[in-house]
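> predicted model, plus sequence, below.
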Amino acid sequence: MDETREIPQEAAKKGWLSKLKDGLLKTSSKLGDGISSLLHKRKLDAAALEELEEVLIQADMGAQVASQMVASLAKERFNKEVSDSEVRTFLADQVSSILEPIARPLELDASKKPHVILVVGVNGSGKTTTIGKMAAQFAKSGKRVRVAAGDTFRAAAVDQLDVWAGRAGVAIVRPESATTDPASLLYDALSLSQREGDDVLLVDTAGRLHNKTDLMAELDKMVRVLKKLDASAPHACLLVLDATVGQNAHAQVELFAKVANVTGLVVTKLDGTAKAGVVVSLSQRYGLPIHLIGVGEKLEDLQPFTATSFAKGLLGID
């Protein structure tokens, strides 16, 4: 075994786990404080269980998930003395079992060149930054990457993606002006990507919601254009969700599931919210894979989603 490689990888893993725990601190503190206060010198009676359910709902786990977890806890420990650490450990195990089926890495199909990833989400969700980080990480792993600035109406988004492309050393196809048709840009991007032998093409899209009909028509047109060049494209459609919006994330999933064939989720800004429990309710309700989560602005702050690590961070367990 090459120990010179193993040590840095292990250190990187520990660093990420520590950052994940810190990122989830707002939620885990809220949950921990709520659990500690309701169990202070008290058995796990009906009133305590009702209060616990409310604590879980306030962390945006959703009423159905909260009810299920409390019912499972009651079955095991009803009317018994129980410590807050025991409750947090029990809940972490429940969360992990809910999340395990949807914690799946984003995999590239080597037979697709390029593997086209359409990235959707509302403006402000962290969509463009996520694309930049993904591009940098793919490039670092040796992939030939290109990004397409398909949110042609927002100059700031185009410029932001341009900066990330420069950092990552990847190619970018950007619009000549705000009047550039996103579908036309995407056609040019995929044509170029195919000629150049790219491994990955990451596509940014508009996230305007004031006119859902326009959004649906635009995304539909982009997909049709892709299929003219590759009938199997896009090969993935990722929805980027801002965790700070809490239960409003459900409405975004429902909307984009209608306007695009969403294949997986990326959850960002977990470090800025006390509502990280929404990840659990999203998993339970929609069953969509969660590929990546973000807990900061740096490149390494976007990492693959793992159920056990997230569950422990959510409940503040070392």
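Right, received. Where do you want to start?

> pLDDT averaged over stretch 150-170, what's the number?
Per-residue pLDDT over stretch 150-170 has a mean of 93.

> list of residues touching that stretch?
Here stretch 150-170 makes contact (C-beta atoms under 8 Å, 6 or more residues apart in numbering) with 123, 127-129, 131-133, 135-136, 138-140, 145-147, 149, 171-172, 174-175, 178-182, 185-186, 203-208, 222. Any C-beta I mention is one placed from the backbone N, CA and C, and that applies to glycine too.

> try stretch 39-57
30-31, 34-35, 38, 63, 65-67, 69-70, 73-74, 77-84, 87, 91, 277.

> now the contacts of stretch 150-170: which count as buried?
Neighbour counting by 16 or more other C-beta atoms under 10 Å classes 127-129, 131-133, 135-136, 138-139, 145-147, 149, 171-172, 174-175, 180, 182, 185-186, 203-207, 222 among the contacts of stretch 150-170 as buried.

> from the contacts of stretch 150-170, which land in helices?
Among the contacts of stretch 150-170, the members falling in helices (DSSP state H) are 127-129, 131-133, 135-136, 138-140, 182, 185-186, 222.

> going by distance to D22, which of those wins?
K133 (18.4 Å; C-beta to C-beta).

> right, and the closest one touches G296 too?
No: here K133 does not reach G296: they are 10.3 Å apart, not a contact under C-beta atoms under 8 Å.

> which secondary structure state does G296 sit in?
The three-state label given to G296 by DSSP: H, G, I helix; E, B strand; the rest coil is coil.

> same question, L292
Following three-state DSSP, we place L292 in the strand state.

> now it. Nearest residue, chain neighbours left out?
In space, L292 comes closest to V266 once its chain neighbours are excluded; the distance is 4.5 Å by C-beta to C-beta, 6 or more residues apart in numbering.

> and that neighbour, how far is that from Q137?
Distance, V266 to Q137, using C-beta to C-beta, to the nearest Å: 12 Å.

> what does T263 show for phi and psi?
phi -110, psi -20 (degrees, to the nearest 10).

> let me know the pLDDT of it.
97.

> return the residues in contact with it.
A236, C237, L238, L288, P289.

> I'd guess the third one is in a strand, am I close?
Looking back up the chat, that one is L238. Yes: note on L238: a strand contains this position according to three-state DSSP.

> partners of it in the sheet?
V119, G264 (DSSP bridges).

> near it, how many other residues are there?
28 (other C-beta atoms under 10 Å).

> cool, and the first one?
For A236, the tally of surrounding residues (other C-beta under 10 Å) stands at 22.

> again, but for the last one
As a burial measure, P289 scores 19 neighbours (other C-beta under 10 Å).

> got any ranges where this protein has weak pLDDT?
Low-confidence segments of the chain (pLDDT under 70): 1-14, 41, 209-211.
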